[in-house]
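Student: Pasting a predicted model and its sequence here:
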Amino acid sequence: MQECTSVDDHTMDMLIALHAAPAVPALLALAVRKPLAPEHNLVTAWIAHHFSPAWASEARAALANRPLTLFIATRGNPAELLGFCAYDATARGFVGPIGVRDTARRSGIGAALLLACLHDMRAMGYGYAIAGAVGAPEFFRQVAGAMEIPNSTPGIYAGMLRAP
């Protein structure tokens, strides 16, 4: 996964068939769960610090949904936050953003978070998910069998306000 602070012309939307999503992998000593209400500010501050204020805004939207549409990955006691994935944040049916702490990447955490969201979406009645403005298409292809949506750039993010 790569850090994303803005949407550019090199990103694309990808389609994911939820009926074909593989099982969520079990990773030792890792908890993939939805955050408790007292954790919401900590989660969004962590996302803003490690990724971007825009992603923190999307996380706040997912945390405002009922039921929550954001998963976190934690390890240890006290818990250490390692990553997050949201869906239905910017638009219904969209999965993302997703981010994993630099030191925890390539360990399967991103896959576990993405698949947790996709299975939750399927349970909510969705047949497909859209990963919007994907910066790491190979990750989505490998983990979820995602395919590029032709002519999807700039997509839903066209005309979005941007920080100077």
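Tutor: Looks like it came in fine.
Student: which residues does the spatially closest residue to A144 that is not a sequence neighbour contact?
Tutor: The shortest distance from A144 to any residue other than its chain neighbours is 4.7 Å, reached at I16 (C-beta to C-beta, 6 or more residues apart in numbering). (C-beta placed from N, C-alpha, C; glycine too.) For I16, the contacting residues are 95, 118, 128-131, 140, 144-146, by C-beta atoms under 8 Å, 6 or more residues apart in numbering.
Student: please redo it, this time with the cut-off set to 7 Å
Tutor: Taking C-beta atoms under 7 Å, 6 or more residues apart in numbering as the criterion, I16 is in contact with 118, 128-129, 131, 144-146.
Student: And the helices in the protein, which stretches?
Tutor: Remark: helices assigned in the chain by DSSP state H are 40-50, 53-64, 109-123, 137-144.
Student: Quick check: which of these is buried the most?
Tutor: Mean neighbour count, computed with mean count of other C-beta atoms under 10 Å, is highest for helix 109-123 among the helices of the chain, reaching a mean of 22.
Student: Run through the neighbouring helices and strands of it.
Tutor: Using 3 or more C-beta pairs under 7 Å, 6 or more residues apart in numbering; DSSP states H and E as the contact definition, the elements that helix 109-123 packs against are strand 31-33, strand 70-75, strand 80-87, strand 94-100, helix 137-144.
Student: how about these, which one is nearest M12?
Tutor: With respect to M12, and counting by C-beta to C-beta, the nearest of those is helix 137-144 at 6.7 Å.
Student: Quick check: mean pLDDT of the closest one?
Tutor: Per-residue pLDDT values over helix 137-144 give a mean of 97.
Student: okay, that helix in PDB with CA atoms only?
Tutor: Output in PDB follows, covering the C-alpha atoms of helix 137-144 (Å, rounded to 0.1, in the frame of the first residue of the first chain):
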ATOM      1  CA  PRO A 137      -3.800  -1.400  -8.200                       C
ATOM      2  CA  GLU A 138      -1.600  -4.600  -7.900                       C
ATOM      3  CA  PHE A 139      -2.500  -4.900  -4.200                       C
ATOM      4  CA  PHE A 140      -6.200  -4.800  -5.000                       C
ATOM      5  CA  ARG A 141      -5.800  -7.200  -7.900                       C
ATOM      6  CA  GLN A 142      -3.900  -9.700  -5.800                       C
ATOM      7  CA  VAL A 143      -6.000  -9.500  -2.600                       C
ATOM      8  CA  ALA A 144      -9.500  -9.100  -4.000                       C
END
